[in-house]
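> just to be clear, the model below is a prediction. Sequence and coordinates:
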Amino acid sequence: MLRIGNSGNQTRYLSRFNQANSKVNQSLERLSTGKRINHAKDDPSGLIAAEQIRGEITTLGAQQKASDFQAHQQAILQSGQAEIQNVLNEVYGLIVSAADGTISDSQREALQLEVDAAIDAVERIQQNTAKYSAASSGFDPSVLADLQAGGRFNLINGDTAGAQDLAKQVLSSLSFSRASIGAQQRGNEALDAVREDQIINNIDALSSIQDTDFAEEVSNLIKNQNLAKASLFVVAFDQQQTSNALQTLLRTIDVNA
């Protein structure tokens, strides 16, 4: 900082120069970083508000990640259940065919083989779904055991009417489960949309607090640069006037001597 022990006028203008120069440096820093608040002293209350908003953005971001993971799990579960439902619809068709009193025993046996293969497929789909999804499906393939060969609702010598009822119940349960998951997905999507709006609003608020207004800062920079130059000019002019006065005085002394 420039200091000089001189007249009050020079001291005053040197003080103005130091103030203007400090603001010039502040403007240059804000323009280079793009941030209005680079140090706590720049805006203490603004810094507190910015940190609170930044914390809220972090929290919302963490919640969004958890929601994204849940959505992924639900999508896997929905896909698995849809496949199971398709297979069971085919099983129901086989049961209806077996209930026809005109088909032969060999045809019933063939239909039973298809049912057994379909139930095996359902079990594999269920296991694969559980492997990649932490969400509970609410479906237990063991309820289909009565439809397999040797079960009380088998298609060879079992109760085909009971088989139809069981298949309908399982299909209805799957439909309800899929609808329930779908409702959760819609609810989560609505919450995600609200959360996304909150994140955007917080980012906008944070930007308004801490980011540099480039047009305003360039204007401040030019203004304070001019003030600093003017202050130095006044000091220099005052010093020149003082020097001229001293030289005149010295010449007067020499002449009188």
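Received the coordinates, thanks.
> all contacts plus neighbour counts: C-alpha atoms, from now on.
OK.
> now find how far off-centre the helix or strand harbouring Gln164 is within its chain.
For Gln164, the element it lies in under DSSP states H and E is helix 160-210. Centroid separation for helix 160-210 versus its chain: 18 Å, with Cα atoms, centre = their mean, to the nearest Å.
> what's the mean pLDDT across that helix?
Per-residue pLDDT over helix 160-210 has a mean of 93.
> output the contacting helices and strands for it.
helix 44-98 (3 or more Cα pairs under 8 Å, 6 or more residues apart in numbering; DSSP states H and E).
> between the helix it packs on and helix 160-210, what angle do the directions make?
For helix 44-98 against helix 160-210, the angle by axes from the mean of the first three to the mean of the last three Cα atoms, to 10 degrees is 170 degrees.
> which residue sits closest to Asn38 in space, ignoring its chain neighbours?
Spatially, and ignoring its direct neighbours in sequence, Asn38 is nearest to Arg30 (7.4 Å; Cα to Cα, 6 or more residues apart in numbering).
> buried residues in the host helix or strand of the one you found?
Applying DSSP H and E as the criterion places Arg30 in helix 8-33. By 16 or more other Cα atoms under 10 Å, the buried positions in helix 8-33 come out as 10-11, 13-18, 20-24, 26-31.
> cool, and stretch 192-209?
Going by 16+ other Cα under 10 Å, stretch 192-209 has these buried residues: Asp192, Arg195, Ile199, Asn202, Ile203, Ala205, Leu206, Ile209.
> now that stretch - C-alpha only, PDB.
C-alpha atoms of stretch 192-209 as PDB (Å, rounded to 0.1, in the frame of the first residue of the first chain):
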ATOM      1  CA  ASP A 192     -38.600 -37.200  -8.900                       C
ATOM      2  CA  ALA A 193     -40.100 -34.400 -11.000                       C
ATOM      3  CA  VAL A 194     -40.600 -32.300  -7.900                       C
ATOM      4  CA  ARG A 195     -37.100 -33.100  -6.700                       C
ATOM      5  CA  GLU A 196     -35.700 -32.100 -10.000                       C
ATOM      6  CA  ASP A 197     -37.500 -28.800  -9.900                       C
ATOM      7  CA  GLN A 198     -36.200 -28.200  -6.400                       C
ATOM      8  CA  ILE A 199     -32.600 -28.900  -7.500                       C
ATOM      9  CA  ILE A 200     -32.900 -26.500 -10.500                       C
ATOM     10  CA  ASN A 201     -34.400 -23.800  -8.200                       C
ATOM     11  CA  ASN A 202     -31.700 -24.300  -5.700                       C
ATOM     12  CA  ILE A 203     -29.000 -24.100  -8.400                       C
ATOM     13  CA  ASP A 204     -30.600 -20.900  -9.700                       C
ATOM     14  CA  ALA A 205     -30.700 -19.400  -6.200                       C
ATOM     15  CA  LEU A 206     -27.100 -20.400  -5.500                       C
ATOM     16  CA  SER A 207     -26.000 -18.900  -8.800                       C
ATOM     17  CA  SER A 208     -27.800 -15.600  -8.000                       C
ATOM     18  CA  ILE A 209     -26.000 -15.400  -4.600                       C
END
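> which residues touch that stretch?
Arg36, Gly46, Ala49, Ala50, Ile53, Arg54, Glu56, Ile57, Leu60, Gly61, Gln64, Ser67 (Cα atoms under 8 Å, 6 or more residues apart in numbering).
> so how far is Asn9 from the spatially closest residue to Gln10 that is not a sequence neighbour?
Spatial nearest neighbour of Gln10, excluding adjacent residues (Cα to Cα, 6+ apart): Val235 at 5.3 Å. According to Cα to Cα, to the nearest Å, Val235 stands 8 Å off from Asn9.
> go on, Asn21?
In terms of Cα to Cα, Asn21 sits 18 Å off from Asn9.
> again, but for Pro44
Going from Pro44 to Asn9 by Cα to Cα gives 34 Å.
> any weak-confidence spans in this protein?
By pLDDT under 70, the low-scoring segments of the chain are 1-8, 134-138, 238-257.
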